[in-house]
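Peer 1: Provided below for reference: sequence and predicted model.
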Amino acid sequence: MKSLFTIQRRVAFLRSSVSVLQSCVPAFLPGLVLVACSAVVLTQAAPRARDTTWEAPPSAAARVNPLTDREEVASGGAKIYRQRCATCHGDSGEGRAKAPSLHDAAVQAQTDGALFWKISSGNSRAGMPAFSLLPEPQRWQLVMHVRALSR
């Protein structure tokens, strides 16, 4: 009988806990939903700040884009951008919570070689993956597309 009494006490405790929760949840639920929605909106609205300490080595920054005079290959950069970059940087490079704007004057002021190096090497501190897995011509096409985003 002692175990039956223990079980009955536990059931009574659970019932009282449920009734307390049922009385509290309706009061707090709208506030919780508001906080959750605000967090989502705020993280989507503001682009991440650019990592100003992330600099390409001088030898990499001095590299010249071999595709600069070949405008017919620029559309390939847009396709690769949509596949690999838009998720974080936004469809038009405006930036999101995960990545900075590619329209930023400091980004556009960098040399093609510096952008190529950053695309190739990534930045683990800021969450930028390395895209060295892409063939070099595709990475140069991405550089061309980053330039086109500012126009």
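Peer 2: Cool, the structure landed. Residues are numbered from 1 along each chain as shown.

Peer 1: after the lowest-mean-pLDDT helix or strand in the chain, next one along is what?
Peer 2: Within the chain, confidence by mean pLDDT, DSSP states H and E is lowest for helix 2-45 among all helices and strands, at a mean of 60. Using DSSP states H and E, the helix or strand that follows helix 2-45 towards the C-terminus is helix 58-61.

Peer 1: buried residues in that following helix?
Peer 2: By 16 or more other CB atoms under 10 Å, the buried positions in helix 58-61 come out as 60-61. C-beta: built from backbone N, CA, C; applies to glycine.

Peer 1: What average pLDDT does it get?
Peer 2: Helix 58-61 carries an average pLDDT of 97.

Peer 1: List the contacts of that helix.
Peer 2: The contact list for helix 58-61 (CB atoms under 8 Å, 6 or more residues apart in numbering) reads 110-111, 113-114, 116-117.

Peer 1: what do you get if the cut-off is 6 Å, keeping everything else the same?
Peer 2: 111, 113-114, 117 (CB atoms under 6 Å, 6 or more residues apart in numbering).

Peer 1: domains for the protein, by residue range?
Peer 2: Here the domain assignment for the chain is 1-45, 58-149, based on automatic domain parsing.

Peer 1: Extract the C-alpha trace of stretch 78-97 and format it as CSV.
Peer 2: Taking Å, rounded to 0.1, in the frame of the first residue of the first chain, the C-alpha atoms of stretch 78-97 are listed here in CSV:
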residue,chain,number,x,y,z
ALA,A,78,26.7,35.8,-60.7
LYS,A,79,25.6,32.2,-60.9
ILE,A,80,28.4,31.1,-58.4
TYR,A,81,27.5,34.0,-56.1
ARG,A,82,23.8,32.8,-56.0
GLN,A,83,24.9,29.3,-55.2
ARG,A,84,27.7,30.0,-52.7
CYS,A,85,27.4,33.5,-51.3
ALA,A,86,23.9,34.9,-51.4
THR,A,87,22.8,32.9,-48.3
CYS,A,88,25.0,35.0,-46.1
HIS,A,89,25.7,38.2,-48.1
GLY,A,90,22.2,38.6,-49.5
ASP,A,91,21.0,38.4,-53.1
SER,A,92,22.3,41.8,-54.1
GLY,A,93,25.3,41.8,-51.6
GLU,A,94,23.5,44.1,-49.1
GLY,A,95,24.7,42.0,-46.2
ARG,A,96,22.9,40.1,-43.5
ALA,A,97,23.4,39.2,-39.9
